[in-house]
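In: The sequence isn't on hand, but the structure is:
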């Protein structure tokens, strides 16, 4: 089992202390650090800034939103950071949802699986640098010859030769079709709400992708970097109470009332009634009540909360379920060192 440090995206103001956490994570033997983006801070700028003070940890995004950049723009950013870091970059991608894609980026959300496949193909053409980059579309045609085109578009190779011709790409996927796609075309999977209890279900989705003709990886060399809330404490009740507002936001407030991919994850876990009630309360501006009705079992399904012995045993459970890296969010240097000690 490896550990990754999830720094996430910024809230209303830039975070304080991330440089100290990154330095501590590298000293403690963490495998990677990750940044994220929503509709505020971007993922690449802080990753490059913080990564510049490191020499060993891998630098990942969990996740970049496809609609934030064209495939070639994303490939350019990735090859640049890969050079600057000496080949330590991991590209983590996700489609987000229609509310963000159409409301923030002004792009079409339709056909997310097809867009993802085409997007990654174009990026890999850029990095391979074997020929000018082209794509027949329909989502990202290169050269562009659609409405309003000048007809002067020319297939191009990147001016800069990539350090690596094959930068790892991982998908932030939640539904069965997207998880299978990750197993088919990507180098890893970045689940947000993972529960070892559903390992057999996840493995069935992954196996469908591994079995497809031309699949890029097999189970033996495929990474599963799962977000894991780990809290070492003797006061489980207080920690559960602190986590529940976060779950209520993702269950009831992310996306629209009838299109929320995070809520669907919890429905697949068997919590449809909880999701319905949380959504109803959250969207009635009764957010505290929405959090309070979430049972402790829902928290326990995708988080590890307890004393050192309990946490150590649960890490083994996650590892045996197929997780290769636990992506954690400790808030202090002491917590980083404590977690590192549990897997050493």
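Out: Received the coordinates, thanks. Keep in mind it's a predicted model, so treat the numbers as computed, not measured. Numbering: from 1, shown residues only.
In: C-alpha only now, for contacts and for neighbours.
Out: Fine.
In: beta partners for residue 303?
Out: residue 229 (DSSP bridges).
In: Go ahead and confirm it touches residue 226.
Out: No: using C-alpha atoms under 8 Å, residue 303 makes no contact with residue 226, being 10.9 Å away.
In: Which of those two has more residues huddled nearby?
Out: residue 226 (25 against 21; other C-alpha atoms under 10 Å).
In: Would you confirm that that one belongs to a strand?
Out: Yes: secondary structure assignment places residue 226 in a strand (DSSP: H, G, I helix; E, B strand; the rest coil).
In: ok, it - contacts?
Out: 189-194, 323-327 (C-alpha atoms under 8 Å, 6 or more residues apart in numbering).
In: ok, so what distance separates it from residue 101?
Out: 24 Å (C-alpha to C-alpha, to the nearest Å).
In: ok, now residue 184?
Out: With C-alpha to C-alpha as the criterion, residue 184 and residue 101 are 24 Å apart.
In: Those two: who's more crowded?
Out: residue 184 (24 against 20).
In: if I pick the more buried one, what's in contact with it?
Out: Neighbour list for residue 184: 209-212, 214-217 [criterion: C-alpha under 8 Å, 6+ apart].
In: Can you tell me how far it is from residue 171?
Out: Taking C-alpha to C-alpha, one finds residue 184 at 11 Å from residue 171.
In: cool, and residue 276?
Out: Distance from residue 276 to residue 171, by C-alpha to C-alpha: 27 Å.
In: So those two - more neighbours on which side?
Out: Shown here are residue 276 and residue 171; by other C-alpha under 10 Å, residue 171 has more neighbours (28 against 16).
In: Which residues are in contact with the more buried one?
Out: Residue 171 neighbours (C-alpha under 8 Å, 6+ apart): 63, 92-94, 179, 182, 186, 188-190.
In: Next, give phi and psi for it.
Out: Main-chain dihedrals, residue 171, degrees, to the nearest 10: phi -110, psi 130.
In: What pLDDT does the model give it?
Out: Residue 171 is assigned 98 on the pLDDT scale.
In: bridging residues for it?
Out: residue 93, residue 189.
In: Could you report the separation of it from residue 84?
Out: In terms of C-alpha to C-alpha, residue 171 sits 23 Å off from residue 84.
In: ok, the nearest residue to residue 38 once chain neighbours are set aside - how many residues close by?
Out: In space, and not counting its chain neighbours, residue 38 is closest to residue 9: 6.8 Å by C-alpha to C-alpha, 6 or more residues apart in numbering. Neighbour count for residue 9, taken as other C-alpha under 10 Å: 20.
In: and the closest residue to residue 212 other than its chain neighbours, what element?
Out: If the residues on either side of it in the chain are set aside, residue 212 comes closest to residue 184, at 6.5 Å by C-alpha to C-alpha, 6+ apart. Assigned by DSSP states H and E, residue 184 belongs to helix 176-185.
In: May I see the domains of the chain written out as residue ranges?
Out: 2-230+308-343, 234-306 (automatic domain parsing).
In: all strands of the chain, in order?
Out: 2-8, 32-35, 58-61, 64-65, 89-94, 169-171, 188-189, 223-227, 229-232, 303-306, 325-328 (DSSP state E).
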